[in-house]
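> dropping the sequence and predicted coords here.
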Amino acid sequence: MMDEEKERILILHLKDDAEKMIRKIMGNDSKTTDTVLSDELSFSGLNIYLEQRRILYDNMEIQLNREEFNVLQSLVQRLGWVVTKEQILEAAGSEDPQDEDNAVRCLMAGICKKLRLYTEKEYIQKVHGVGYRFVIPPK
């Protein structure tokens, strides 16, 4: 129970740090920050509608399956922070795959492949041995 409480506190600190980082990147524009932290997220041409579970790039819809969308949502909500392989599997709802590394690699490759059908921008970065992070690519 204590570990869960510590994790919740850490998550709150990380979200606060992420918000500060976003404000710094976006030049302290509260409208931009609110957009990043709301249900409708916009990142350099990529628009994510969390409640509708839709993703558009230049008004073209990108089709992700349930697991892929959940993982992308998890990455976006931790903008700039590394999401571990375990957190990715948890977001995907994967129940103890026999080869966790391969399951994560396949899942992330699927998401990146679908994004690349619409843009050459790299929104997802691999952090070797740890996990992945969502970043805002330069325009």
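Now that the structure is in, tell me what you want to look at. Numbering: from 1, shown residues only.
> surely Leu75 is within a helix?
Yes: the assignment for Leu75 is a helix, going by DSSP: H, G, I helix; E, B strand; the rest coil.
> could you report the neighbour count for it?
The tally of other residues near Leu75 (other Cβ atoms under 10 Å) stands at 26. For every residue, glycine as well, the C-beta is placed using N, CA and C.
> for it, which non-adjacent residue is spatially closest?
Phe134 (3.9 Å; Cβ to Cβ, 6 or more residues apart in numbering).
> for Ala91, pull up the helix or strand it's in.
Ala91 belongs to helix 85-92 when elements are defined using DSSP states H and E.
> ok now that helix, how far from the chain's centre?
Computed by Cα atoms, centre = their mean, to the nearest Å, the separation of helix 85-92 from the middle of its chain amounts to 11 Å.
> quick one: the helix or strand just after that helix to helix 85-92, angle?
Toward the C-terminus, helix 85-92 is succeeded by helix 100-116 as the next helix or strand (DSSP H and E). Put simply, helix 100-116 runs at 60 degrees to helix 85-92, going by axes from the mean of the first three to the mean of the last three Cα atoms, to 10 degrees.
> so what touches stretch 89-103?
Arg66, Glu67, Glu68, Asn70, Val71, Gln73, Ser74, Val83, Lys85, Glu86, Val104, Leu107 (Cβ atoms under 8 Å, 6 or more residues apart in numbering).
> repeat that with 7 Å
Glu67, Asn70, Val71, Ser74, Lys85, Val104, Leu107 (Cβ atoms under 7 Å, 6 or more residues apart in numbering).
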